[in-house]
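K.L.:
predicted model follows, preceded by the sequence.
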Amino acid sequence: MKLLKKVMIKTFPVLTGYLVLGMGFGILMIKNEFGILAIVAMSLFIYAGSMQYVGITLLTAGAGVFQTALTTLMVNARHLFYGISMVEKYRETGIYKPYLIFALTDETYSLVCNEEKGEDSKTYFFLVSLCNHFYWVAGSLIGGVLGNMITFDTTGIEFSMTALFLTVFVEQWLGTKQHFPALSGLSCSVLCLFLFGKDKFLIPTMVLITVSLLINRKKYGELTKE
């Protein structure tokens with residue numbers, strides 16, 4: 001009970017964010033003529049906030065399997081690095097491991113990466129992951145229900161994920177003296193938007209950002225140590 005209380009306190013900020021963002025996703029799904037079952041299924045089995053928003057566009061545009069797979073890889077490429085850094089922490093998590101790998105979102109990672117391993121670690125990791133997953137599914141379901149019940153203009157609601165990433169950008173900018181990652185992301189996005197247009201710039205942007213960070217990883221790593 002003590003551990004559950006700790007988890008609830010730790011995940012409360014995630015609850016507030018996931019409910020709002022999940023509701024936005026659910027409402028958008030309804031407005032694009034998808035049903036409650038599809039909303040819950042996407043949030044339960046895909047469970048990738050930003051990619052689910054992008055997924056609505058891909059589904060409505062009739063995107064192919066290859067384009068969808070490549071877009072998903074690029075949008076969620078950061079999780080490759082999350083996973084590598086969590087190998088040791090998740091090594092002895094037993095039956096929980098497959099679910100912990102699946103449920104490692106940005107917010108869950110931030111809550112578990114700094115937790116010291118102890119007797120209750122694997123249970124703590126599991127409960128944090130499960131609670132955050134539940135919050136997202138609940139928010140999506142509520143959004144779907146509201147979308148069916150209330151008629152209102154949803155123009156601009158898809159900006160909710162953009163607003164979230166803008167917040168992350170500002171926090172990263174203010175929290176460190178080294179602005180290379182932020183500037184790299186911004187400049188690569190603007191360049192690709194100019195070269196490829198608004199409908200085709202996402203994948204080239206993610207590729208260019210990844211290459212830029214890999215090329216400069218040694219130099220940037222030395223700067224962050226100073």
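P.N.:
Received the coordinates, thanks.

K.L.:
just the buried positions in stretch 11-30, please.
P.N.:
11, 14-15, 17-19, 21-30 (16 or more other Cβ atoms under 10 Å). Every residue, glycine included, has its C-beta placed from N, CA and C.

K.L.:
nearest residue to the most centrally placed residue in the chain in space, please, no chain neighbours.
P.N.:
Among the residues of the chain, the one closest to the centroid is Gly49, at 4.8 Å (Cα atoms, centre = their mean). Excluding its sequence neighbours, the residue lying closest to Gly49 (Cβ to Cβ, 6 or more residues apart in numbering) is Leu21, at 6.0 Å.

K.L.:
would you list the phi and psi of that neighbour?
P.N.:
With angles defined as degrees, to the nearest 10, Leu21 sits at phi -70, psi -40.

K.L.:
please report how far it lies from Ile142.
P.N.:
11 Å (Cβ to Cβ, to the nearest Å).

K.L.:
again, but for Ser129
P.N.:
21 Å.

K.L.:
show me which of those two is the more surrounded one.
P.N.:
Ser129 (25 against 17; other Cβ atoms under 10 Å).

K.L.:
how about Lys198, phi and psi?
P.N.:
phi -70, psi -20.

K.L.:
distance check, it against Ala182.
P.N.:
Applying Cβ to Cβ to Lys198 and Ala182 gives a distance of 21 Å.

K.L.:
who has more neighbours out of these two?
P.N.:
Ala182 (15 against 7).

K.L.:
do you know the pLDDT at that one?
P.N.:
If you check Ala182, the pLDDT there is 78.

K.L.:
separation between it and Trp173?
P.N.:
5 Å.

K.L.:
what does Val207 give?
P.N.:
From Val207 to Trp173 the distance is 23 Å (Cβ to Cβ).

K.L.:
now Tyr96
P.N.:
36 Å.

K.L.:
same thing with Tyr53?
P.N.:
23 Å.

K.L.:
between the two, which one's more packed in?
P.N.:
Tyr53 (22 against 14).

K.L.:
the host helix or strand of the more buried one - what's its average pLDDT?
P.N.:
Using DSSP states H and E, Tyr53 sits in helix 49-61. In this model, helix 49-61 has an average pLDDT of 87.

K.L.:
now do the same contact list for Gly144.
P.N.:
Residues in contact with Gly144 (Cβ atoms under 8 Å, 6 or more residues apart in numbering) are 26-27, 29-30, 35-36, 39-40.
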